[in-house]
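In: missing the sequence, but the structure's below:
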Ligand code: COI
């Protein structure tokens, strides 16, 4: 068996090399992303592993079929950039890594929130300039707040535990109810109810498809004055311009955005000293009440190792047994 792994960053490479040695399976590491040109490198390999944020182009899968490769294994969880139709047409199975570290993302959600609640963005900027005044950076206490968790999959459940540990009242919403959360009686019946009752709304949902936002002008009007939005899910869950307006007007106290609807091509690129073309993003970065980070919530040693190795394990299962626990139902 010979595998090829695309879009590999330097921080992933040691885990892939270690897996390859331990399993005695050749893995060709390719730093370039998977596209209709680089797929040529996959000729003579048995399976393709990849991670990227850019959409996977359909032509890749025609080529895979031509090379007799019928499994694509992703190193991440999100499949919103994969054209399922092109995979089905070419008889290609897809796997992801659904649980590389739910706690990495859940812990980041509360980290971002604490940075906002304790005005740390503004405080750090002040101290950098040797301004040691306290005001106006007075904090708020999480233990006095109601946190609404939207999405109670693995990450939402991990977030609930952490927020409860801080003493917050937690409520939750999900179309698919989880028995553990149900047992704790945390569910409200509708997303509207969650938005209405929460001081903090934290999003742990997958993309609902372009245009299907959860946070927008209409839903923000429903929220408490001075509420906070935290998003470590997908950027397109939020109409960002509406959110930015609501923070500027004071309707919302602030926001923590680890994902952004126009992040592809910007996040995880070094633009030190360059002006950004994206004026909305620049404005939010300037605002001390909006904590922007570059889709980094997942980025821990534990998560990166699991993404690198579980994707390869799934590939081996697929190639040896024709199935794996992480196979995605393409519909
Ligand atoms: C995913 O796993 O889909 C994520 O959103 C994290 C990604 C940046 C590796």
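Out: Cool, got the structure. Keep in mind that this is a model prediction, so the values were computed, not measured.

In: ok, which stretches of the protein are helices?
Out: Using DSSP state H, the helices found in the chain span residues 13-23, 58-66, 84-89, 102-117, 120-128, 154-165, 179-183, 191-197, 217-222, 240-249, 279-286, 301-321.

In: Nearest approach to residue 137 belongs to which of the ones you listed?
Out: Closest approach to residue 137 among these (CB to CB): helix 120-128, 4.8 Å. Backbone N, C-alpha and C define where each C-beta goes, glycine included.

In: Return the set of buried residues in the closest one.
Out: For helix 120-128, the neighbour count (16 or more other CB atoms under 10 Å) marks 120-121, 123, 126 as buried.

In: Show the contacting residues for the residue of the stretch 201-331 of the chain found nearest the ligand.
Out: At 4.1 Å from the ligand, residue 298 is the closest residue in the stretch 201-331 of the chain, using CB to the nearest ligand atom. In this structure, residue 298 makes contact with 76, 100-101, 104-105, 108, judged by CB atoms under 8 Å, 6 or more residues apart in numbering.

In: What distance do you get for it to residue 142?
Out: Plainly put, residue 298 is 22 Å away from residue 142 if you go by CB to CB, to the nearest Å.

In: repeat for residue 122
Out: 18 Å.

In: Give me the nearest residue to the residue most central in space within the chain, chain neighbours excluded.
Out: Nearest to the geometric centre of the chain sits residue 233, at 4.5 Å (CA atoms, centre = their mean). Nearest residue to residue 233, sequence neighbours excluded (CB to CB, 6 or more residues apart in numbering): residue 203, at 4.4 Å.

In: Enumerate every residue touching that neighbour.
Out: 150-151, 214-215, 229-233, 237-238.

In: Residue 111 now?
Out: Listed by CB under 8 Å, 6+ apart, the contact set of residue 111 is empty.

In: again, only using 10 Å
Out: Taking CB atoms under 10 Å, 6 or more residues apart in numbering, we find residue 111 in contact with 162, 232, 256, 258, 291, 293, 297.

In: What of residue 64?
Out: 34, 39, 42, 45, 47-48, 70-72, 86-87, 90-92.

In: Adding distance to the ligand and pLDDT, write the residues you listed out as TSV.
Out: Below are the contacts of residue 64 laid out as TSV (distance: CB to the nearest ligand atom, whole Å; pLDDT from 0 to 100):
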residue	distance to the ligand	pLDDT
34	14	98
39	21	98
42	21	98
45	23	98
47	19	98
48	17	98
70	23	98
71	19	98
72	14	98
86	19	98
87	17	98
90	23	98
91	24	98
92	19	98
